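sequence first, then the predicted structure, then my questions.
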Amino acid sequence: MCLALPCRIVELLPGDQAMIDVSGMRKEISLALVDGVEVGDYVIVHVGYALNRLDPEEADKTLALFAELGEAALAEAAGAL
Amino acid sequence: MKYIEEFRDGELAKGLAAAIRQVASPERRYHFMEFCGGHTHAISRYGVTDLLPPNVRMIHGPGCPVCVLPIGRIDMAIRLALEAGVILCTYGDTLRVPASDGLSLLKAKSRGGDIRMVYSSADAVIIAQKNPEKQVVFFAIGFETTTPPTAVAIKQAQALGLKNFSVLCCHVLTPAAISNILESPEVRQWGTVPLDGFIGPAHVSTIIGSRPYEFFAEEYRKPVVIAGFEPLDVMQAVLMLVKQVNGARAVVENEFSRAVTRDGNVKAQNLVSELFELRRSFEWRGLNEVPYSALRIRKAFAGFDAERRFDIAYQSVPDNRACECGAILRGVKRPQDCKIFGTVCTPENPVGSCMVSSEGACAAHYTYGRYKDMDAVNA
Ligand code: SF4
């Protein structure tokens, strides 16, 4: 039950609520735990609450790092053959 | 889905696997504990172990909220439903956990208990609003991720002036459990687990931040890498841990920088400390009594505390004798070491709590790993 998903905010609703899009399905969640969320932001949703905002720049950096480390390792492995 | 699929990419996984093979020194063994059930699940589901060199071993930790809930706490919830006649609202995960007298919440429901599965703590508040003539209790379980939502629900109930809503608070704290694994006297009883480092929680850390783990890194000289719950996150964390071990370093590193900061979610932390205070001690399944490891509702909010409102004192109940959950939650044994794993105890008919939640070590191994072991035996 600790699983939580990054979801995109598609609409802000009254009472600190928001609508998210989960694979085409719309679902209402609470924004009571986060400040300053806007439409288009990604948030980590858990038991109906946004726990935190997801930082797209950091996500891209992490993916780029995976690719870089992997390519270097595979190149080295190929070189060793 | 964005920010999920990219972190499951098979090609990138191969690259990271090659990187791990290159840095892991063949002369030594590496034992890393993934604290969270979310990591256990990802490791089993995506076969991460198969991508790791044989001298890098992952040990499952106790970070599955359902698995660490002791029988006595479920008994309290059942008593509320069957004896006190309340509407008991619970997350679905707890429904099938075996309790005393052959009962579970699900079986108590079929005996007439008004037990309702909710997706969110807010749903429990709505049920209380709609049923003013009944007492409604929310069975609040979980680590630091579910505690802030419980706090919000209590604040909501207060704002609405609800007199029929209360919470059976069973929220537990991650750092306390990690130190317990590292230093408790039971380690002598179970034998010590060689641990070279930890993969730190993903979503718990979005709330508490990375700072609380700095203590472990310093005090116990163990590296900690906070990682997301996708398979590539886990592999990158393993790579970072291997590098720390090789360099004789022990610091906190954050692989999950897309969602975790050093300070965490301060708004959520403030809310939690407004409503809750530390319990002196709390029993965990598998870890026994752990000092200062759980929260209770503060006196100022006593009206919302089911333990004060109803006569339901906690009573400790021993686990089924065949069940090895205790040793498994400490990483000393593996699910397949349990004599009744996969025979008497299955996800359809769980004997212990590790078999109930999909994040439990036994359930994850049953669902994704059992047949592999059988192949290995047959081969
Ligand atoms: S297989 Fe079942 S009985 Fe055995 S340790 Fe796991 S949960 Fe307990």
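Happy to help now that I have it.

tally of neighbours for A:Met25?
7 (other CB atoms under 10 Å in any protein chain shown). From N, CA and C alone the C-beta is placed, and that goes for glycine too.

ok, now the one 5 residues further on?
Burial of A:Ser30, expressed as a neighbour count using other CB under 10 Å, amounts to 23.

how about B:Pro98?
B:Pro98, neighbours per other CB under 10 Å, totals 21.

for B:Lys339, see how far away it is.
17 Å (CB to CB, to the nearest Å).

centroid-nearest residue for chain B?
B:Cys64 (2.2 Å; CA atoms, centre = their mean).

list the residues that contact that residue.
By CB atoms under 8 Å, 6 or more residues apart in numbering or on different chains, the contact list for B:Cys64 reads A:Cys2, B:Cys36, B:Gly37, B:Thr40, B:Cys354, B:Ser357, B:Glu359, B:Gly360, B:Ala361.

try A:Arg26
Contacts of A:Arg26 (CB under 8 Å, 6+ apart): A:Val10, A:Met19, A:Ile20.

and it, helix, strand or coil?
The local conformation at A:Arg26, judged by DSSP: H, G, I helix; E, B strand; the rest coil, is strand.

so for it, what's the pLDDT?
Looking at A:Arg26, its pLDDT stands at 89.

which residue ranges form the strands in chain A?
Using DSSP state E, the strands found in chain A span residues A:5-13, A:17-22, A:25-30, A:42-46, A:49-53.

want to throw those strands into a markdown table with distance to the ligand?
Output for the strands of chain A, formatted as a markdown table (distance: least, CB to the nearest ligand atom, whole Å):
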| stretch | distance to the ligand |
| --- | --- |
| strand A:5-13 | 27 |
| strand A:17-22 | 31 |
| strand A:25-30 | 32 |
| strand A:42-46 | 25 |
| strand A:49-53 | 29 |
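
wait, doesn't A:Val34 sit right on A:Leu54?
No. Applying CB atoms under 8 Å as the test, A:Val34 and A:Leu54 come out as separate, 10.9 Å apart.

give me the common contacts of these two.
Shared contacts of A:Val34 and A:Leu54, defined by CB under 8 Å, 6+ apart, comprise A:Val43.

below-threshold pLDDT in chain A: ranges please.
A:1-3, A:80-81 (pLDDT under 70).

what about 50?
A:1-2 (pLDDT under 50).

and if you look at the stretch 201-350 of chain B?
Within the stretch 201-350 of chain B, no stretch has pLDDT under 50.

for it, what spans make up the helices?
Taking DSSP state H, counting those that start in this stretch as the criterion, the stretch 201-350 of chain B contains helices spanning B:203-208, B:214-219, B:231-246, B:266-275, B:306-309, B:325-329.

adding distance to chain A and mean neighbour count, write these out as a markdown table.
Shown next, in a markdown table, are the helices of the stretch 201-350 of chain B (distance: least, CB to the nearest CB, whole Å; neighbours: other CB atoms under 10 Å in any protein chain shown):
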| stretch | distance to chain A | mean neighbour count |
| --- | --- | --- |
| helix B:203-208 | 4 | 27 |
| helix B:214-219 | 19 | 16 |
| helix B:231-246 | 6 | 24 |
| helix B:266-275 | 5 | 18 |
| helix B:306-309 | 19 | 19 |
| helix B:325-329 | 15 | 24 |
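
looking at these, which is nearest to the ligand?
helix B:325-329 (4.3 Å; CB to the nearest ligand atom).

packing partners for the following helix or strand past that closest one?
Next along the chain after helix B:325-329, taking DSSP states H and E as the criterion, comes helix B:361-368. Secondary-structure packing of helix B:361-368 (3 or more CB pairs under 8 Å, 6 or more residues apart in numbering or on different chains; DSSP states H and E): helix B:37-45, helix B:325-329.

now with 7 Å, please.
Judged by 3 or more CB pairs under 7 Å, 6 or more residues apart in numbering or on different chains; DSSP states H and E, the packing partners of helix B:361-368 are helix B:37-45.

and the residue of chain B found nearest the ligand, how many neighbours?
Residue nearest to the ligand within chain B (CB to the nearest ligand atom): B:Gly352, separated by 2.6 Å. B:Gly352 has 29 neighbours, counted by other CB under 10 Å.

the one 4 residues further on too?
Other residues lying near B:Val356 total 24 when counted by other CB under 10 Å.

from chain A, how far out is it?
Using CB to the nearest CB, to the nearest Å, we find B:Val356 at a distance of 11 Å from chain A.

name the element the residue of chain B found nearest chain A belongs to?
Closest residue of chain B to chain A, CB to the nearest CB: B:Gly15 (1.7 Å). Secondary structure assigned from DSSP H and E places B:Gly15 in helix B:10-23.

against B:Val290, how distant is the nearest residue to A:Val22 once chain neighbours are set aside?
Residue nearest to A:Val22 in three dimensions, not counting chain neighbours: A:Cys7, with 5.7 Å by CB to CB, 6 or more residues apart in numbering or on different chains. As judged by CB to CB, A:Cys7 and B:Val290 stand 33 Å apart.

what about the two, which has more around it?
Neighbours were counted for A:Cys7 and for B:Val290 using other CB under 10 Å; A:Cys7 has more, 25 against 22.

doesn't A:Val43 make contact with that one?
Yes. Using CB atoms under 7 Å, A:Cys7 is in contact with A:Val43, at 6.2 Å.

returning to what we had before: what about the helix holding B:Gly15, distance to the chain center?
Put simply, helix B:10-23 sits 28 Å off its chain's centre (CA atoms, centre = their mean, to the nearest Å).

contacting residues for B:Arg57?
B:Arg29, B:Tyr30, B:His31 (CB atoms under 7 Å, 6 or more residues apart in numbering or on different chains).

out of these, which are inside strands?
Judged by DSSP E, strands contain the following of the contacts of B:Arg57: B:Tyr30, B:His31.

tabulate the contacts of B:Arg57 (CSV), appending pLDDT, neighbour count and distance to B:Lys134.
Below are the contacts of B:Arg57 laid out as CSV (pLDDT from 0 to 100; neighbours: other CB atoms under 10 Å in any protein chain shown; distance: CB to CB, whole Å):
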residue, pLDDT, neighbour count, distance to B:Lys134
B:Arg29, 92, 13, 57
B:Tyr30, 94, 22, 54
B:His31, 91, 16, 51
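
please name the nearest non-neighbouring residue to B:Thr145.
Nearest one to B:Thr145, counting by CB to CB, 6+ apart, is B:His203 at 4.8 Å.

isn't that neighbour up against B:Phe143?
No. Judged on CB under 7 Å, B:His203 makes no contact with B:Phe143 at a distance of 8.4 Å.

get me the contact residues on chain A for chain B.
Where chain A comes near chain B, counting by CB under 7 Å from any CB of the partner chain, the residues are A:1-4, A:6, A:23, A:30, A:32-35, A:42, A:44, A:46-49, A:51-52, A:54-55, A:58-59, A:62-63, A:66-67, A:69-71, A:73-74, A:76-77.

show me what contacts the closest residue to B:Gly113 other than its chain neighbours?
Among residues not flanking B:Gly113 along the chain, B:Ala81 sits closest, at 3.4 Å (CB to CB, 6+ apart). With contact taken as CB under 7 Å, 6+ apart, B:Ala81 is in contact with B:Leu88, B:Ala108, B:Gly113, B:Asp114, B:Ile115.
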